[in-house]
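> using only what follows, build the 3D model:
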Amino acid sequence: MLKIYHNPKCSKSREGLQILESSGKEYEVILYLIHPPSEVELQTIISKLGIPPIDLVRKGELIWKENYQGKTMTDKEIIAAMAKYPKLMERPIVLSEKKAVIGRPPENIKALV
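Down below sits the predicted model:
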């Protein structure tokens, strides 16, 4: 089953959800601002994405700019920051059993459906 880390207030996330709905595949919606992923879950997501943790960070977010921008951080520290402030995560993220994509642009999701 697919999983989507979704923020209903985000237009790209809503578009991604529509792609999943249209696919006819089973999926689970995770409202990650309400139920944030743990550091272990984030490590799994990042591993499936095949990217460094910093590439999952929304660097334009005020939380990032005020607390982290310009600092030298380890991957573990970046993951901890996203676990503490899930708003820092790019969205939407769609996971299959073996792979994940960031739905920016939403068409990226079609690679999993």
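> quick one: the helices in this structure?
For the chain, applying DSSP state H gives helices covering 11-23, 39-49, 62-67, 75-84.
> give me the contacts around the third one.
Contacts of helix 62-67 with the rest of the structure, by Cβ atoms under 8 Å, 6 or more residues apart in numbering, involve V57, R58, K59, A81, Y85, K87, L88. Where you see a C-beta, it was placed from the backbone N, CA and C, and this is true even at glycine.
> from M82, how far out is the residue nearest to the spatial centre of the chain?
In the chain, the residue lying closest to the centroid (Cα atoms, centre = their mean) is I93, at 3.9 Å. For I93, the distance to M82 (Cβ to Cβ, to the nearest Å) stands at 11 Å.
> between those two, which contacts overlap?
L56.
> for the closest residue to E90 other than its chain neighbours, what are its contacts?
Leaving aside its chain neighbours, E90 sits nearest to I102 (4.9 Å; criterion: Cβ to Cβ, 6 or more residues apart in numbering). Counting by Cβ under 8 Å, 6+ apart, I102 makes contact with L49, L56, E90, R91, P92, I93, N108.
> let me know the closest of these to Y5.
When the contacts of I102 are ranked by distance to Y5 (Cβ to Cβ), I93 comes first, at 4.2 Å.
> pretty sure that closest one is touching C10, no?
No: with contact defined as Cβ atoms under 8 Å, I93 and C10 do not form a contacting pair (11.5 Å).
> ok, which pair from the contacts of I102 is furthest apart?
L56 and N108 (13.7 Å).
> which one's more surrounded, the two?
A direct count of neighbours by other Cβ atoms under 10 Å for L56 and N108 places L56 higher, at 21 against 15.
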